[in-house]
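>>> need coordinates for the following:
(one chain, ligands or ions: 2)
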Amino acid sequence: MLPFSRVTIIGLGLIGSSIARAVRDYMPTVRLTLHDADPAVRERVRALDLADDVADTAGAAVIDADLVMLCVPVGAMGAVAEAIAHDLPADAIVSDVGGSKASVIAALREHLPDAVIVPGHPVAGTEHSGPDAGFASLFKSRWCILTPTPEAPEAAVERLRAFWQAFGAQVEIMDPKHHDLVLAVTSHVPHLIAYTIVGTASDLEDVTQGEVIKFSAGGFRDFTRIAASDPTMWRDVFLNNREAVLEVLQRLTEDLTMLQRAIRWGDGDTLFDLFTRTRAVRRSIVEQGQDDAAPDFGRKH
Ligand SMILES: NC(=O)c1ccc[n+]([C@@H]2O[C@H](COP(=O)([O-])OP(=O)(O)OC[C@H]3O[C@@H](n4cnc5c(N)ncnc54)[C@H](O)[C@@H]3O)[C@@H](O)[C@H]2O)c1
Ligand SMILES: O=C(O)C(=O)C[C@]1(C(=O)O)C=C[C@@H](O)C=C1
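Residues are numbered from 1 along each chain as shown. Ligands and ions are numbered 1, 2, ... in the order given. Below is the predicted model:
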């Protein structure tokens, strides 16, 4: 049995269009309605034939939905919730895919005080954005974290679990604040480091007359992939997960200072011990089959 029969997706970039494609592939009988605030995106989505209907307003998109999935940048979640509040059916479940959770939950709750809300976050993505970047297999063998509020009925959480599992995702339930701390460590601060190192190298390019970019080796290239990620999405993530990101950054700064001291004083043991420990972390990830660094992240299979 399908968990939902009338799905609406709002926001049709990488994640929204990937979910639309996955619904088409894995749940072909579901009635799928889409909406994006950008008329050019709506036009493109119509041309790609991703849905039964592409609505011009958020309200019209949700009118008969049993699942409404919000796939906009986290800073826009509140505005979308406000835009659908009047037309949302009383028995519809509202979910989202935002990369931070506590502030999104507060924004959704403010505008939809009586709705059933089951927030989520598929931990899967690429550095690309827009409706052409999506692909149906994006969520296969990846985690999707659900962060339901205490008042969310268990049956609603289970329907969301079934929805993501149908796309091949593994579902984990987590407290929203804990989610925000974990993702600050595993995703948000790593992105900030990539943005920083690529920015610094680009500034240094003037000094080295282009050689930093020209002779960039594999390590730097890997950072440039991450640093090409969508500026709006990531601006919103940092503004909306401020506390957890600042906490992790404080710890990182202390560790960097410790490494700086080790290099200054020729303390090779400290460097060697750290690099040995981090190599073991990488090897255990690979052994657990979670290494997806090798494939092309822009893959469309
Ligand atoms: N990109 C990733 O790797 C990734 C992974 C997991 C979760 N997420 C989350 O998914 C969400 C979307 O990210 P994305 O990568 O698909 O972004 P994207 O830039 O590819 O697409 C976002 C879309 O939302 C639309 N939009 C913006 N404001 C809107 C509004 N008020 N009403 C309707 N549409 C609006 C934009 O026009 C755009 O088409 C974000 O919350 C992000 O944190 C992203
Ligand atoms: O692989 C990438 O390009 C990603 O950045 C994906 C990634 C991540 O950091 O793992 C990015 C943001 C998300 O909210 C979830 C997944």
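
>>> distance from stretch 14-21 to the middle of the chain?
In terms of Cα atoms, centre = their mean, to the nearest Å, the centre of stretch 14-21 is set 12 Å apart from its chain centre.

>>> so is it next to ligand 2?
No. Against ligand 2, stretch 14-21 shows no contacts by Cβ under 6 Å from any ligand atom, the least distance being 8.4 Å. The C-beta positions use only the backbone N, C-alpha and C, and glycine is treated the same way.

>>> contacts for the host helix or strand of Asp180?
For Asp180, the element it lies in under DSSP states H and E is helix 176-183. The contact list for helix 176-183, computed with Cβ atoms under 8 Å, 6 or more residues apart in numbering, reads 99-102, 105, 119, 121, 123, 145, 147, 149, 174, 241, 243-244, 247-248.

>>> those residues: which ones sit near ligand 2?
Residues of the contacts of helix 176-183 in contact with ligand 2 (Cβ under 6 Å from any ligand atom): Gly99, Val123.

>>> out of the contacts of helix 176-183, which end up buried?
99-102, 105, 119, 121, 123, 145, 147, 174, 241, 244, 248 (16 or more other Cβ atoms under 10 Å).

>>> please convert the residues you listed to CSV, extending it with pLDDT.
CSV is the format used below for those (pLDDT from 0 to 100):
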residue, pLDDT
Gly99, 98
Ser100, 98
Lys101, 98
Ala102, 98
Ile105, 98
Pro119, 98
His121, 98
Val123, 98
Ile145, 98
Thr147, 98
Met174, 98
Asn241, 98
Ala244, 98
Val248, 98
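
>>> which of the residues you listed fall within strands?
The strands, defined by DSSP state E, take in His121, Ile145 from these.

>>> just give me the neighbour total for Ala81.
Neighbour count for Ala81, taken as other Cβ atoms under 10 Å: 25.

>>> within the helices and strands, which one has it?
helix 77-84.
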